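Peer 1: Build me a model from this:
(one chain, ligands or ions: 1)
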Amino acid sequence: MAEVILKNIKKVYPHQEPAKKKKGSEEKKTNLQITDEGVLAVQEFSLNIADKEFIVLVGPSGCGKSTTLRMVAGLEEISGGELYIDGKLMNDVAPKDRDIAMVFQNYALYPHMTVRENMAFPLKLKKYPKEEIRKRVDQAAEVLGITEYLDRKPKALSGGQRQRVAIGRAIVREPKVLLMDEPLSNLDAKLRNQMRAEIIKLRQRIDTTFIYVTHDQTEAMTLGDRIVIMKDGVIQQIGTPQEVFDHPTNLFVAGFIGTPQMNFFDAELVKEDGRYAVVLENARVELSEAKQANLARKQVQPGPITLGVRPEHISLAGDASQAVRGTVDVAEMMGSAVHLHVDACGRDTIVILQTMDLQGAGHPIPATGSALPFTFGGNVAHVFDR
Ligand code: ADP
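Peer 2: Have a look, this model is predicted:
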């Protein structure tokens, strides 16, 4: 059992003299709140993580992900709030007594030790019997597919293999909570995809709660049971990948989750006979029942709004007189889909059309310069305050 509870956690970094700032540490661009005490790097962070849950903290650089993770690890003091692991208050418990392990972006392996020695190290420190150490290292090596490298030194390994060793060293202790801070960021794209799948497999084989930090929304979406989206030290939304994709609570989340990015338009929300519709140029789209109910509950008033529509939710309109008028600037054929940059409403709008759907409708693949009247469904139109 390892439930992790963060209750109203806060981190304040004291103001620093410019000269005291860490050498080489680049200033991260954020709009963090500043108080008399210092910079509020994390505020009002509350989250209940279930036993064996895989939680991903995601957000742009400087939003407070690592700080949060480091507070759970005990590497950073907690300025306010409470941290519980397995029901025990951990705020003042030393890192080594928290029964957690952490994997870092830069692997942090000991270069003079073999892979086996690296992986055995935390168990040696805890004075495990030799036979037990051997057994656990062998098991972890097998899970991670690095048995054949056990006698090598880290420098004789590839980046992906080194990261496996770092993960191996973290899991031999069978920690209650495994913390991972951007573990795949130093790997190239292909290896990153491969390791992502490895982490999913690993997760199925070990009984551990995972807290994983990344700035990459794809990694967050594919790995997390739930993801926590952060900005400027503040949680923006917590939900399953599907929830945050389908129901982003604000413009930031809507723009951050999903690739290519959601399109945003200046549009109008209208209400007739008690029903909401959005109007964009000649397209008037009545919203779905779920969205009607949601807007009614929040008593949203008609008027100017920002309309969000994902590229894959835009469809060709048969009748141009009831559509948004666009012109194809660039058509990129990807095989199963065509990605279009469309000049519409005075902005670059991304449209993804499935080739099979086009063929089924007897529609040619849109060419550069051609007119593209389009519309969208009332269930995929996202309404945000302007
Ligand atoms: P992320 O992991 O999301 O990139 P961090 O948690 O590393 O963000 O940083 C959050 C904010 O706190 C940033 O503005 C960063 O500059 C600041 N920060 C991080 N570590 C320190 C520190 N030791 N002293 C002062 N400010 C820090």
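Peer 1: Need the three-state assignment for the nearest residue to residue 312 once chain neighbours are set aside.
Peer 2: If the residues on either side of it in the chain are set aside, residue 312 comes closest to residue 352, at 4.6 Å by Cβ to Cβ, 6 or more residues apart in numbering. Just so you know, the C-beta spots here come from the backbone N, C-alpha and C atoms, and that holds for glycine as well. Assigned by DSSP: H, G, I helix; E, B strand; the rest coil, the conformation of residue 352 is strand.
Peer 1: For residue 352, name its beta-bridge partners.
Peer 2: Residue 352 has these beta-bridge partners by DSSP bridges: residue 339.
Peer 1: Can you report how many residues neighbour it?
Peer 2: 16 (other Cβ atoms under 10 Å).
Peer 1: List the residues that contact it.
Peer 2: Listed by Cβ atoms under 8 Å, 6 or more residues apart in numbering, the contact partners of residue 352 are 260, 311-312, 314, 337-340.
Peer 1: repeat that for 6 Å
Peer 2: 311-312, 337, 339 (Cβ atoms under 6 Å, 6 or more residues apart in numbering).
Peer 1: wait, which of these is closest to residue 186?
Peer 2: Using Cβ to Cβ, residue 339 is the member of these that sits closest to residue 186, with 29.1 Å.
Peer 1: Burial check on the closest one, number of neighbours?
Peer 2: Residue 339 has 16 neighbours, counted by other Cβ under 10 Å.
Peer 1: Also residue 85?
Peer 2: For residue 85, the count of nearby residues is 21 (other Cβ under 10 Å).
Peer 1: Phi, psi for it please.
Peer 2: Backbone torsions of residue 85, given as degrees, to the nearest 10, read phi -120, psi 120.
Peer 1: List, one by one, the residues from the stretch 101-250 of the chain near the ligand.
Peer 2: For the stretch 101-250 of the chain, the contact set with the ligand under Cβ under 6 Å from any ligand atom is empty.
Peer 1: Which single residue of the stretch 101-250 of the chain approaches the ligand most closely?
Peer 2: Taking Cβ to the nearest ligand atom, the ligand has its nearest neighbour within the stretch 101-250 of the chain at residue 213, 6.3 Å off.
Peer 1: Surely that residue is in contact with residue 65?
Peer 2: Yes: counting by Cβ atoms under 6 Å, residue 65 is a contact partner of residue 213 at 4.4 Å.
Peer 1: Mind naming the longest helix for the protein?
Peer 2: If you go by DSSP state H, the chain has its longest helix at helix 189-205.
Peer 1: model confidence over it, on average?
Peer 2: Averaging pLDDT along helix 189-205 yields 89.
Peer 1: Show residues contacting it.
Peer 2: Residues contacting helix 189-205 (Cβ under 6 Å, 6+ apart): 54, 143, 160, 184.
Peer 1: Weed out the non-buried ones from those.
Peer 2: 54, 143, 160, 184 (16 or more other Cβ atoms under 10 Å).
Peer 1: Greatest separation within those residues: which pair is it?
Peer 2: 54 and 160 (20.5 Å).
Peer 1: Residue 367 versus residue 273, what's the distance?
Peer 2: Distance of residue 273 to residue 367, computed by Cβ to Cβ, to the nearest Å: 41 Å.
Peer 1: likewise residue 340?
Peer 2: Separation of residue 340 from residue 367 (Cβ to Cβ): 10 Å.
Peer 1: same question, residue 329
Peer 2: Applying Cβ to Cβ, the value for residue 329 to residue 367 is 11 Å.
Peer 1: related to what we said a few turns ago, the more surrounded of residue 340 and residue 367?
Peer 2: Between residue 340 and residue 367, counted using other Cβ under 10 Å, the more crowded position is residue 340 (25 against 10).
Peer 1: Name the nearest residue to the more buried one, ignoring sequence neighbours.
Peer 2: Setting aside the residues directly before and after it, residue 340 is nearest to residue 351 in space (Cβ to Cβ, 6+ apart), at 4.4 Å.
Peer 1: ok, that neighbour - contacts?
Peer 2: By Cβ under 6 Å, 6+ apart, the contact set of residue 351 is 311, 314, 340, 342.
Peer 1: returning to that earlier point: tell me which helix or strand comes right after the longest helix of the chain.
Peer 2: Using DSSP states H and E, the helix or strand that follows helix 189-205 towards the C-terminus is strand 209-214.
Peer 1: Can you tell me what sits against whichever helix or strand comes after that next one?
Peer 2: Using DSSP H and E, the helix or strand that follows strand 209-214 in sequence is helix 217-223. Residues outside helix 217-223 that contact it (Cβ under 6 Å, 6+ apart) are 56, 58, 214, 227, 241, 257.
Peer 1: How many neighbouring residues does the last one have?
Peer 2: The reference is to residue 257. The number of residues near residue 257, taken as other Cβ under 10 Å, comes to 24.
Peer 1: please begin residue numbering at 32 from this point
Peer 2: Yes, from this point I'll number from 32; that puts the last item at residue 288.
Peer 1: surely it meets residue 274?
Peer 2: No: shown here, residue 288 and residue 274 do not form a contact pair, counting by Cβ under 6 Å, at 10.1 Å.
Peer 1: just the strands in the stretch 132-281 of the chain please.
Peer 2: In the stretch 132-281 of the chain, the segments counted as strands under DSSP state E, counting those that start in this stretch are 208-212, 240-245, 257-262, 265-270.
Peer 1: Pull the number of nearby residues for the closest residue in space to residue 198 that isn't next to it in sequence.
Peer 2: In space, and not counting its chain neighbours, residue 198 is closest to residue 134: 5.5 Å by Cβ to Cβ, 6+ apart. If you count neighbours by other Cβ under 10 Å, residue 134 ends up with 22.
Peer 1: show me what contacts residue 134?
Peer 2: If a contact means Cβ under 6 Å, 6+ apart, then residue 134 has 197-198, 201, 211, 214 as its contacts.
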